[in-house]
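Novice: after the sequence you'll find the predicted model.
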Amino acid sequence: MKVLFTGGAVYSTADRQFVMADILTTDGMITQVAPHISAADAETVDCTGKYILPGLVDVHTHGRAGFDFNEIDEAAVMTMRQSYAKAGTTTLMATLASAEPESLDNSIRVINGQRDIKPGMATIAGIHLEGRYLHPGRRGAHAPQLLAPLDTVELKSYIDKMLPLPVHISAAVEMENGDAFIKCACGCGATIAMVHSDATYEQTRHAVEMGVRSFSHTFNAMKPVHHREPGNAVGSLLSDECWSEFICDGEHLNPAIVKMATRCKPADKFMLVTDSMAAAGCSDGNYSIAGLPVIVKNGRAVNEEGALAGSTLDLFKAVCNTMKFADKTLEEVIPFATSNPADMLGIAGTCGRIAEGLRADFVMIEDTEAPAIESVWCAAVRV
């Protein structure tokens with residue numbers, strides 16, 4: 001089936017601006033992007049007055065719509081995929097927190113059964129394991145009894161179960177056996193990030209040299225910055241070859257920190273994530289993350305110890321917040337939630353941009369200065 005989107009302003013990632021163009025799609029894939037396309041056999045969607053963005057890509061999200069990827073069945077994942085799509089996130093990495101091995105095995109099995117492309121629903125690109133391999137002193141909302149040392153044999157067994165790629169592993173790789181752990185992950189084809197880490201700046205730079213590709217939720221669950229020991233947060237900001245995640249909900253990071261970070265990181269290495277948990281898209285109340293109780297009040301999620309426990313953030317809201325916090329235009333911020341995460345994961349050939357050969361995932365808006373979602377399209381089908 002062919003669908004022709006006509007008359008809209010289409011975001012060009014290469015030019016960092018909107019250009020007038022039509023988009024022709026065939027069976028959910030983009031087949032042409034050009035001015036004034038003619039396709040008599042295509043269904044036509046009039047996009048006059050609209051701006052068309054690539055569908056958003058969230059590489060770090062634990063759940064939403066009342067469900068957590070650590071506790072799911074197929075029906076729950078279907079509900080989540082619909083909810084992500086409605087909020088503008090058309091591609092995601094299902095993120096698993098610390099859990100018992102049998103629980104992780106069940107989640108991996110269910111997620112792998114939901115990695116197909118369904119028109120009108122978000123696509124689960126792969127699995128992000130952010131659990132077990134964390135520094136006990138920086139564990140955040142993760143239960144201490146669920147943490148584990150850096151075990152390459154166990155890691156390989158999990159990666160084998162999570163295949164096909166992409167697989168993303170987040171760990172405190174400054175701990176014992178860190179070099180071998182990084183080599184194991186990279187050797188299996190996974191990407192690896194530092195997370196919940198107490199690494200010094202020097203340890204951080206060593207990990208990057210060994211193969212660390214990104215930094216999960218920069219500043220959160222990291223060593224505080226000190227002028228004589230800058231720590232891993234500064235390591236994240238100054239590692240130009242790596243991507244850095246940021247949770248821009250106004251809770252995890254002060255807006256001034258976000259503004260500073262946009263000045264420090266290269267524009268193609270700044271990544272927005274939600275780190276969302278089950279309460280995203282829901283009302284306040286009692287929830288859980290990785291089986292642990294979480295209280296959500298006024299949209300702020302904390303565990304019984306008072307630690308932030310994920311967020312209730314939508315990625316589109318993170319885009320809007322970053323515009324405000326960092327005094328950026330929409331055109332400047334769009335890559336932070338589209339092409340940059342796709343590039344980090346190595347899935348730029350399927351999503352993250354509006355270009356020939358990629359999946360026809362779009363977010364449409366009518367105002368670039370005060371953006372609000374008008375419609376979302378997954379594989380050329382309106383959500």
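Specialist: Nice, I can see it. Numbers count the residues shown, from 1 in each chain.

Novice: the nearest residue to Glu251 once chain neighbours are set aside - how many residues pack around it?
Specialist: With sequence-adjacent residues excluded and distances taken as CB to CB, 6 or more residues apart in numbering, Glu251 is closest to Arg300, at 5.7 Å. Where C-beta positions appear, they are placed from N, C-alpha and C, glycine not excepted. When neighbours are counted by other CB atoms under 10 Å, Arg300 registers 16.

Novice: give me phi/psi at Arg300?
Specialist: Dihedral pair for Arg300: phi -100, psi 120, per degrees, to the nearest 10.

Novice: residues touching it, list them.
Specialist: Neighbour list for Arg300: Glu251, Leu308, Thr312 [criterion: CB atoms under 8 Å, 6 or more residues apart in numbering].

Novice: can you check the pLDDT for it?
Specialist: Listed pLDDT for Arg300 reads 91.

Novice: was I right to think Thr200 contacts Glu229?
Specialist: Yes. When contacts are counted by CB atoms under 8 Å, Thr200 is listed as touching Glu229 (6.4 Å).

Novice: okay, and which of the contacts of Arg300 map to helices?
Specialist: Among these, the subset assigned to helices under DSSP state H is empty.

Novice: report the outermost residue of this protein with respect to its centre.
Specialist: Ala40 (37.7 Å; CA atoms, centre = their mean).

Novice: OK, contacts around that one?
Specialist: Per CB under 8 Å, 6+ apart, neighbours of Ala40: none.

Novice: what pLDDT does it get?
Specialist: pLDDT, Ala40: 92.

Novice: in three-state terms, label it for me.
Specialist: Secondary structure state of Ala40, per DSSP: H, G, I helix; E, B strand; the rest coil, is coil.

Novice: any weak-confidence spans in the protein?
Specialist: Along the chain, segments meeting pLDDT under 70 span 290-291.

Novice: how deep is the spatially closest residue to Arg115 that is not a sequence neighbour tucked in, by neighbour count?
Specialist: Nearest residue to Arg115, sequence neighbours excluded (CB to CB, 6+ apart): Ile124, at 5.0 Å. For Ile124, the tally of surrounding residues (other CB under 10 Å) stands at 23.

Novice: do the same with Gln203
Specialist: 21.

Novice: from Ala190, how far off is it?
Specialist: 21 Å (CB to CB, to the nearest Å).

Novice: Cys378 now?
Specialist: Applying CB to CB to Cys378 and Ala190 gives a distance of 26 Å.

Novice: those two: which has the busier surroundings?
Specialist: Cys378 (27 against 24).

Novice: Ser244 - that's part of a strand, no?
Specialist: Yes. Residue state for Ser244 (three-state DSSP) corresponds to a strand.

Novice: is it true that it touches Leu238?
Specialist: No. Between Ser244 and Leu238 there is no contact under CB under 8 Å: 9.9 Å.

Novice: ok, these two, which is more surrounded?
Specialist: Neighbours per residue (other CB under 10 Å) separate Ser244 from Leu238, with Ser244 holding more: 28 against 16.

Novice: list the contacts of the more buried one.
Specialist: Ser214, Phe215, Thr218, Ser236, Leu237, Ala261, Lys265, Lys269, Phe270, Met271.

Novice: repeat for Ala233
Specialist: Here Ala233 is in contact with Thr218, Phe219, Met222, Lys223, Pro224, Val225 (CB under 8 Å, 6+ apart).

Novice: doesn't it fall inside a strand?
Specialist: No. Assessed with three-state DSSP, Ala233 is helix; it does not lie in a strand.

Novice: could you pull out the helices for the stretch 101-250 of the chain?
Specialist: Secondary structure of the stretch 101-250 of the chain (DSSP state H, counting those that start in this stretch): helices at 101-112, 152-162, 178-187, 201-210, 231-238.

Novice: okay, domains of the protein per the record?
Specialist: Annotated domains of the chain cover 2-52+357-382, 55-345 [automatic domain parsing].

Novice: measure the shortest one end to end?
Specialist: In other words, domain 2-52+357-382. 14 Å (CA to CA, to the nearest Å).

Novice: my read is that Ser311 contacts Phe246, right?
Specialist: No. If you go by CB under 8 Å, Ser311 and Phe246 don't touch, sitting 11.6 Å apart.

Novice: hang on, isn't Pro371 packed against Ala337?
Specialist: No. Using CB under 8 Å, Pro371 makes no contact with Ala337, being 11.7 Å away.

Novice: top of the contacts of Arg300 by neighbour count?
Specialist: Going by other CB under 10 Å, Thr312 tops those with 24 neighbours.

Novice: where's that residue relative to Pro224, distance?
Specialist: Thr312 sits 25 Å away from Pro224, going by CB to CB.

Novice: tell me, how many residues neighbour the residue nearest to Gln32 when sequence neighbours are not counted?
Specialist: Once flanking residues are discounted, Gln32 sits nearest to Leu24: 4.2 Å by CB to CB, 6+ apart. By other CB under 10 Å, 22 other residues sit near Leu24.

Novice: next secondary structure after the stretch of helix or strand Leu24 belongs to?
Specialist: Leu24 is part of strand 17-26, with elements assigned from DSSP states H and E. Next in sequence after strand 17-26, counting helices and strands by DSSP H and E, comes strand 29-34.

Novice: and that following strand, how far out from the chain's middle?
Specialist: Between the centre of strand 29-34 and the centre of its host chain there is 25 Å, according to CA atoms, centre = their mean, to the nearest Å.

Novice: so what secondary structure elements neighbour it?
Specialist: Under the contact criterion of 3 or more CB pairs under 8 Å, 6 or more residues apart in numbering; DSSP states H and E, strand 29-34 touches strand 17-26.

Novice: contacts for the strand it packs on?
Specialist: Applying CB under 8 Å, 6+ apart, the external contacts of strand 17-26 come out as 1-12, 30-37, 39, 42, 51-52, 331, 354, 360, 362, 368, 380.
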